[in-house]
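*Asks:* let me see the structure of the following:
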Amino acid sequence: MRFKLFPKCNVQVSTIGFGAMRWPSEEECFRIMNHGLDLGLNYVDCSTGYVSGQSQRWVGRAVAKRRKEILFSSKSSFSKAPTADQAREAIDKSLQDAGLDYFDFYQLWGLSTPETLQSALSKGGFIEGVRRAQRDGLIRLGIGFTFHGSEELFRATVDTGEFVCATVSYNLMNRKEEANIQYAGEHGLGVIIMNPLAGGILGLARDRALDFLRGDGLGPCYGALRFLHANPAICTDLVGFRAVSEVDEAVATLKDCETLSASWREEQMKRMDAVKLIEGQFCTGCEYCKDCPHQFNPPRFMQVMRDFVRYGMEPARLKDWIYSRYVHQDALAHFKLCKECGACEKQCPQHLAIVEQIRRAKAAIGV
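*Replies:* Next comes the predicted model:
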């Protein structure tokens, strides 16, 4: 295993980490976690909402006998714990769910606006609550944040000096956080990557246009992860493993990765930009947009639209495609639920034009 330093807390973190959002079952979680620990993986990113609220419990039980081998990070959104007291309650509840005595890191989840940052830092705010927990030994190493905002906000957040790590969405297909990653690295923050395989696309795709990413008998995940390993500012990549074999595949991408150069990274970016597999941005299936105030289902819809492009459907067949995807549902009635308020777009880490896509679908089916 290869390790990188989180400078602000002087801890070594495995280059590959566990993303805990996609476990297929508790049994697989146990097998995957323990196999990964055997191979040297030592970082897991959890939250209260993953896998219908089960992820923290499953991971906690999986590592119960190996607690000192894992750096356990959990998090809470500001909207659910805006005050110091609520943040402390959230931490206590998460520790109880996980069956743990402490977390190594605790993160402000989904930072996207200056107002949230200001409120979180204010007297009696979220950060104060986490600091209290840290003084009481419930948070061992420090506070991080996961990010979905502007470059200006990212820099302002780093400049507060409150955080030891930052988690951003970044992969070979979506490199919008490039400058933020560099800035965090220059200022001593540990950089953690979510969506390293573009929500699984770079792990599952079979399109020949991605052959340049294949290697060592593996699919596009090989080159996609090596691209991240080659960035000196990135500390760990959170892979949403669903099988033990996927852990072995991820670890195989570390072979000789220290020889990968900046010019090699540039070449990979050029080759990726030339691929017409998916035009523009895409949905990674993170489901951050799921809480629609009007009961529409943005995550499901955006993945339907992603696959429409992915499988090369003719644009004129969009109506047929939508009806084929909503075969057990009244598509007209469902799309009428969307009021185009934009709440989903505010939660999207990829900054996707969700409303524009919904309008396109509505026009196709006649809403």
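*Asks:* where does the stretch 251-367 of the chain have low pLDDT?
*Replies:* Within the stretch 251-367 of the chain, the segments meeting pLDDT under 70 span 276-281, 311-312.
*Asks:* quick one: secondary structure of Ser79?
*Replies:* Recorded secondary structure, Ser79: helix (DSSP: H, G, I helix; E, B strand; the rest coil).
*Asks:* count residues in the vicinity of it, would you?
*Replies:* 10 (other C-beta atoms under 10 Å). Backbone N, C-alpha and C define where each C-beta goes, glycine included.
*Asks:* again, but for Gly49
*Replies:* 20.
*Asks:* same check, this time on Glu246
*Replies:* There are 18 residues near Glu246, going by other C-beta under 10 Å.
*Asks:* which helices and strands does the helix or strand harbouring it pack with?
*Replies:* Per DSSP states H and E, Glu246 falls inside helix 244-252. Applying 3 or more C-beta pairs under 8 Å, 6 or more residues apart in numbering; DSSP states H and E, we find helix 244-252 packed against helix 26-39, helix 221-229.
*Asks:* again, only this time at 10 Å
*Replies:* Using 3 or more C-beta pairs under 10 Å, 6 or more residues apart in numbering; DSSP states H and E, the elements in contact with helix 244-252 are strand 16-19, helix 26-39, helix 201-204, helix 221-229, strand 234-239.
*Asks:* CA atoms only: put that helix into CSV for me.
*Replies:* The C-alpha trace of helix 244-252 is given here as CSV (Å, rounded to 0.1, in the frame of the first residue of the first chain):
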residue,chain,number,x,y,z
VAL,A,244,-13.8,-7.8,-2.6
SER,A,245,-12.4,-8.3,-6.1
GLU,A,246,-12.8,-4.5,-6.6
VAL,A,247,-10.4,-3.9,-3.7
ASP,A,248,-7.8,-6.0,-5.4
GLU,A,249,-8.3,-4.1,-8.7
ALA,A,250,-7.9,-0.7,-7.0
VAL,A,251,-4.7,-1.8,-5.2
ALA,A,252,-3.3,-3.1,-8.5
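*Asks:* helices of the stretch 51-200 of the chain, start to end?
*Replies:* Applying DSSP state H, counting those that start in this stretch to the stretch 51-200 of the chain gives helices spanning 55-62, 84-98, 114-121, 126-135, 151-159, 178-186.
*Asks:* and the gap between Phe105 and Leu197?
*Replies:* Using C-beta to C-beta, to the nearest Å, Phe105 is found at 22 Å from Leu197.
*Asks:* ugh, typo on my part, it should be Lys8
*Replies:* Distance from Lys8 to Leu197, by C-beta to C-beta: 27 Å.
*Asks:* swap in Arg155?
*Replies:* 27 Å.
*Asks:* which of those two has more neighbours?
*Replies:* Remark: of Arg155 and Leu197, Leu197 carries more neighbours, 28 against 14, as counted by other C-beta under 10 Å.
*Asks:* most tightly surrounded among the helices of the stretch 51-200 of the chain?
*Replies:* Mean neighbour count (mean count of other C-beta atoms under 10 Å) peaks for helix 55-62 among the helices of the stretch 51-200 of the chain, with a mean of 23.
*Asks:* ok, residues contacting that one?
*Replies:* With contact meaning C-beta atoms under 10 Å, 6 or more residues apart in numbering, helix 55-62 is reached by 18-23, 25-34, 36-37, 44-51, 67, 70, 72, 74, 93-100, 103.
*Asks:* buried subset of those residues?
*Replies:* Burial by neighbour count, 16 or more other C-beta atoms under 10 Å: within the contacts of helix 55-62 this picks out 18-23, 26, 28-34, 36-37, 44-51, 70, 72, 74, 94-95, 97-98, 100, 103.
*Asks:* my guess is Met33 contacts Arg66, does it?
*Replies:* Yes: counting by C-beta atoms under 10 Å, Met33 touches Arg66, with 8.5 Å between them.
*Asks:* quick one: the most centrally placed residue in the chain and Tyr102, what's the gap?
*Replies:* Central residue of the chain (C-alpha atoms, centre = their mean): Met194, 3.1 Å from the mean position. Using C-beta to C-beta, Met194 is found at 23 Å from Tyr102.
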